[in-house]
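Enquirer: what's the 3D shape of this:
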Amino acid sequence: MDAGKEDEEPASIPVPRGLAERQAHARNRLETGFQMWLATGSDGHGAHLIPVAYVWDGSTLYTATFTKSRTVSNIKAHPQARVALGDTADVVMIDTSASLVDVPDIGADIAERYAKVSTDPRASPEGTFVYLRLRPGRIQVWNGFHEFAGRTVMRDGRW
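Expert: A predicted model of the protein is given here:
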């Protein structure tokens with residue numbers, strides 16, 4: 001053994017969080033955050049990624065975007081989306097089913113909460129914006145390679 005090597009600490013590998021801790025982390029991110037990356041896709045057009053604000057009602061994410069946007073076209077063609085919260089070192093990745101909700105049809109609570117974190121679609125001319133309802137089907141959580149295994153904390157919409 002090399003001189004001095006016996007006194008060195010071995011490199012430590014972080015201990016992965018358990019399922020309950022990861023689920024709590026995802027819920028906390030959803031409840032306390034208001035910004036996300038939203039990815040959609042459509043045949044022949046490739047992936048489309050936008051940063052948007054959101055609100056969470058405990059089971060569903062809501063955001064809004066321009067009615068004539070590529071995001072809306074993609075959702076009409078393929079009613080699904082992928083959402084990312086956090087950064088690459090600590091991510092919550094959410095696969096969702098997606099549907100469109102016209103501005104007059106959104107619940108008052110969601111509209112008021114959304115207006116606090118972004119542009120209020122109700123203040124724009126009718127037909128400018130549409131809300132997106134994003135229902136999680138799968139949620140994955142990890143904060144490094146050591147947590148890659150066991151990253152799925154929701155499957156088929158159930159925690």
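
Enquirer: Look up the closest residue to Leu49, ignoring the ones flanking it.
Expert: Ala39 (4.8 Å; Cβ to Cβ, 6 or more residues apart in numbering). No exception for glycine: its C-beta is placed from N, CA and C like everyone else's.

Enquirer: That neighbour: helix or strand, and which one exactly?
Expert: Element membership of Ala39 [criterion: DSSP states H and E] is strand 35-42.

Enquirer: ok, that strand: who's next to it in the sheet?
Expert: Strands that pair with strand 35-42, judged by DSSP bridges, come out as strand 46-53 (antiparallel), strand 80-87 (antiparallel).

Enquirer: Turn those strands into JSON lines, columns for mean neighbour count and distance to Pro121.
Expert: Output for those, formatted as JSON lines (neighbours: other Cβ atoms under 10 Å; distance: least, Cβ to Cβ, whole Å):
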{"stretch": "strand 46-53", "mean neighbour count": "13", "distance to Pro121": "11"}
{"stretch": "strand 80-87", "mean neighbour count": "18", "distance to Pro121": "18"}
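
Enquirer: could those go into CSV alongside mean pLDDT and distance to Arg70?
Expert: Converted to CSV, the strands paired with strand 35-42 look like this (pLDDT from 0 to 100; distance: least, Cβ to Cβ, whole Å):
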stretch, mean pLDDT, distance to Arg70
strand 46-53, 94, 5
strand 80-87, 96, 12
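
Enquirer: So which bits of the longest helix along the chain are buried?
Expert: Using DSSP state H to assign secondary structure, the helix with the most residues in the chain is helix 19-32. By 16 or more other Cβ atoms under 10 Å, the buried positions in helix 19-32 come out as Arg22, Gln23, His25, Ala26, Arg27, Arg29, Leu30.

Enquirer: No more questions from me, cheers.
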